[in-house]
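Novice: What shape does this take:
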Amino acid sequence: MDREKNTLPAAAAFSGGLLILFQGLIMTLIPLLSDFSSQATFFYGLFVTALGIISICLSYFIYKSYSFPKSALLLSVAVVSMIFAGGGFLIGAILTSIGGSLSMLSS
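Specialist: Okay, the predicted model is just below:
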């Protein structure tokens, strides 16, 4: 009998990645819509958006098949996101860290 697939790590990482992506989009769009705009804030927002997209892609790869290198990469993206971007309202980085850690244990 086949064992059921544990989707909790991928789901936690995906929802954390969505929060990081959302924060990156907000950081990118607010300088464009306001009078006070700087290029540094715009590019910082693009960096956070890229972190969100990377974590969403890694959560999909983890959902397809668990592997230790993908899990370690997801965990490092979560830590980088937490340091540089506040982590997608902090809960995003926590969820992504939980997803990466659980997938490391499952692999």
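Novice: Which residue ranges of the chain form helices?
Specialist: Using DSSP state H, the helices of the chain run over residues 8-33, 39-64, 68-85, 91-106.
Novice: among the ones you listed, which is the most enclosed?
Specialist: Highest mean neighbour count of the helices of the chain: helix 91-106, a mean of 22 (counted as mean count of other CB atoms under 10 Å). Quick note: C-beta positions are derived from backbone N, CA and C, even for glycine.
Novice: if we can go back for a sec, include mean pLDDT when you put the helices of the chain into a markdown table, please.
Specialist: Shown next, in a markdown table, are the helices of the chain (pLDDT from 0 to 100):
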| stretch | mean pLDDT |
| --- | --- |
| helix 8-33 | 91 |
| helix 39-64 | 92 |
| helix 68-85 | 90 |
| helix 91-106 | 91 |
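Novice: Next, the contact list for the residue lying closest to G92 once chain neighbours are set aside, please.
Specialist: Nearest residue to G92, sequence neighbours excluded (CB to CB, 6 or more residues apart in numbering): L19, at 3.0 Å. Counting by CB atoms under 8 Å, 6 or more residues apart in numbering, L19 touches G52, G88, F89, I91, G92, L95.
Novice: how about a cut-off of 10 Å?
Specialist: L19 sits next to 52, 55, 81, 87-96 when contact means CB atoms under 10 Å, 6 or more residues apart in numbering.
Novice: For N6, state which of those is nearest.
Specialist: Minimum distance to N6 across the contacts of L19 is 15.6 Å, recorded for L95 (CB to CB).
Novice: So the closest one sits against I56, correct?
Specialist: No. L95 lies out of contact with I56 (CB atoms under 10 Å); the separation is 11.9 Å.
Novice: shared neighbours, these two?
Specialist: Taking CB under 10 Å, 6+ apart as the contact criterion, the common neighbours of L95 and I56 are A13, F14, S15, G16, G17, L18, I20.
Novice: Thank you kindly, that will do.
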